[in-house]
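Colleague: One predicted model, sequence on top.
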Amino acid sequence: IWKNPDRKILDVDKAYRCDALLTKILQANRTQVFEISVKTQNYFNALCTAVKVYQAYARAGLLPDQLPAGCPMDLFAMKPFAYETTSDGFILRSAGKSSAPDDDIKYEYKLTK
């Protein structure tokens, strides 16, 4: 991208083509980084919600019927996680990035006895 051998004059046209190519290459990576960031934050929100459920369990001795107040939101649905109890713990469900039922992300938590 330099016009002369001592690299003192920049060929602007070539530089813009290089920048455009670099931008094109990095665009996909930036999207992937953002997607990983959202998934990680959503997992952290599910973990914080699970801690609140465990705290409610420790106070009452049994799992609550619904999520405690003040739990973080599911970032994909922008509403609370779907919550259901199981025989040995509970499950938090996230809508997933496409909100299709088969795209749900399931976080399972167990209780020790």
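Modeller: Received it, and whenever you're ready, just let me know what you need.

Colleague: Spell out the residue ranges of the strands in the chain.
Modeller: With DSSP state E applied, the chain shows strands at 73-74, 79-80, 82-86, 89-94, 105-110, listed in chain order.

Colleague: what comes up buried for the last one?
Modeller: What that stands for is strand 105-110. For strand 105-110, burial by neighbour count (16 or more other Cβ atoms under 10 Å) applies to Ile105, Tyr107, Tyr109. All C-beta spots, glycine's among them, are computed from the backbone N, C-alpha and C.

Colleague: now, among those residues, which is nearest to Val33?
Modeller: Nearest to Val33 among the buried residues of strand 105-110 is Ile105, at 19.0 Å by Cβ to Cβ.

Colleague: which residues touch the closest one?
Modeller: Under the criterion of Cβ atoms under 8 Å, 6 or more residues apart in numbering, the neighbours of Ile105 are Asn42, Phe76, Arg93, Ser94, Ala95, Gly96.
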